[in-house]
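In: My questions are about this predicted structure, shown below with the sequence.
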Amino acid sequence: MTVLMLDSGAYSAWTKGQPLNIEDYTKYVLENIDCLDYIVNLDVIPGRWRQKPTKKEFDLSAKDSWGNYIYMLEQGVPKNKLIPVFHQHENFGFLRLMLSNSIPYIGLSPANDETAQGRKIFLDECMKYVCDKDGNPIVKFHGFGVNSLGLMKRYPWFSVDSSSWVWYSMYGMILVPRYRSGEYCYDEQPWRVFCTTKSPRKIKGRHFNNYSKAHQQQILDYLRHIDVPYGVSELLTGHKRREFGEQQSTEKIKYKTIQEGVINTDMYRDTVNIIYFSEFAKTIPDWPTKFLANERMSFI
């Protein structure tokens, strides 16, 4: 089933210091309402990019976000399509306000600058409001920027969005599932394998070249299994070879692509990571699932 959800782009605009106009956004939504299944409210992000907001700024932004939600409803956006968003560090009174207004589908947005453990604490608290005493969801809720596989599995989401697959690719990483009893296990912590020709010191031990020969072979077998090439690059003549994990040299290392693959082409790393997330999603039971507060997360 394909569902089209429109996000306002509020966060991206906020990082660039470009305010969005609620009238323009609402006008666009109403002009395209027949082809949109869900619309995310134009929420207001507190403070400025890379500056920690104050409690007062959080309160003001949450109030303005609620005002935008009411405005969009009054202009004719259907309630069953419009999704307000509750952000980490906002007063939980705003989440109670959403629930008291019988909103059928809400967004929960963990803070991007929090650790996975910090986001877990926030989401555990949210579950006290959006689930009953037995852990069953009482509304649909969407996870914004939920990029941890463990967090995806822990909560009874109706839907989530994440850009982690493309960020992994950009930083030269692929996700490789464990292999047990003749099957690939997408519901366990994957190997996060750096595989590009450039390997910063900070990832020593996690680059393909630093894995054991047996693990390297398992990684290559998986790439063959999903029909994605590893690739071949050649060090250009006259450039000093630098072993993985050594101190960065001031000399720029250059390679020539002989065969495209995950070591030198974003597209192939994108493919590997999309396949992983697609298979991982199949391990999650159909909604509604149950929040088990005492169950330990198998991986972050």
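Out: In hand now; what should we look at?

In: C-alpha only now, for contacts and for neighbours.
Out: OK.

In: all helices for the stretch 1-150 of the chain, in order.
Out: Listed from the start of the chain, the stretch 1-150 of the chain has helices (DSSP state H, counting those that start in this stretch) covering 10-15, 22-31, 55-74, 92-100, 116-130, 149-154.

In: quick one: low-confidence parts of this structure?
Out: Under the criterion pLDDT under 70, the flagged ranges of the chain are 1, 198-205, 237-253, 295-300.

In: hmm, try it at 50
Out: Within the chain, the stretches with pLDDT under 50 are 201-202, 239, 243-250.

In: re the thing from before, columns distance to residue 220 and mean neighbour count on top of the helices of the stretch 1-150 of the chain, output as JSON lines?
Out: Below are the helices of the stretch 1-150 of the chain laid out as JSON lines (distance: least, CA to CA, whole Å; neighbours: other CA atoms under 10 Å):
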{"stretch": "helix 10-15", "distance to residue 220": "37", "mean neighbour count": "15"}
{"stretch": "helix 22-31", "distance to residue 220": "46", "mean neighbour count": "15"}
{"stretch": "helix 55-74", "distance to residue 220": "48", "mean neighbour count": "17"}
{"stretch": "helix 92-100", "distance to residue 220": "47", "mean neighbour count": "15"}
{"stretch": "helix 116-130", "distance to residue 220": "30", "mean neighbour count": "16"}
{"stretch": "helix 149-154", "distance to residue 220": "23", "mean neighbour count": "21"}
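
In: In TSV, list those along with distance to residue 164.
Out: What follows is these, written out as TSV (distance: least, CA to CA, whole Å):
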stretch	distance to residue 164
helix 10-15	15
helix 22-31	27
helix 55-74	26
helix 92-100	26
helix 116-130	13
helix 149-154	10
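
In: nearest to residue 180, of these?
Out: Nearest to residue 180, of all the helices of the stretch 1-150 of the chain, is helix 149-154, at 19.4 Å by CA to CA.

In: I'd like the distance from that closest one to the chain centre, please.
Out: Its chain's average C-alpha position is 11 Å from that of helix 149-154, according to CA atoms, centre = their mean, to the nearest Å.

In: coming back round to it: quick one: closest of the helices of the stretch 1-150 of the chain to residue 212.
Out: Among the helices of the stretch 1-150 of the chain, helix 149-154 sits nearest to residue 212 (CA to CA), with 25.5 Å.

In: Show me the one of the helices of the stretch 1-150 of the chain that comes nearest residue 167.
Out: helix 149-154 (14.3 Å).

In: what helices or strands is the next helix or strand after that closest one leaning on?
Out: Following helix 149-154 in sequence order, the next helix or strand is strand 159-160 (DSSP states H and E). If contacts are counted by 3 or more CA pairs under 8 Å, 6 or more residues apart in numbering; DSSP states H and E, strand 159-160 sits against strand 140-143.

In: ok, 10 Å please
Out: Secondary-structure packing of strand 159-160 (3 or more CA pairs under 10 Å, 6 or more residues apart in numbering; DSSP states H and E): strand 105-109, strand 140-143.
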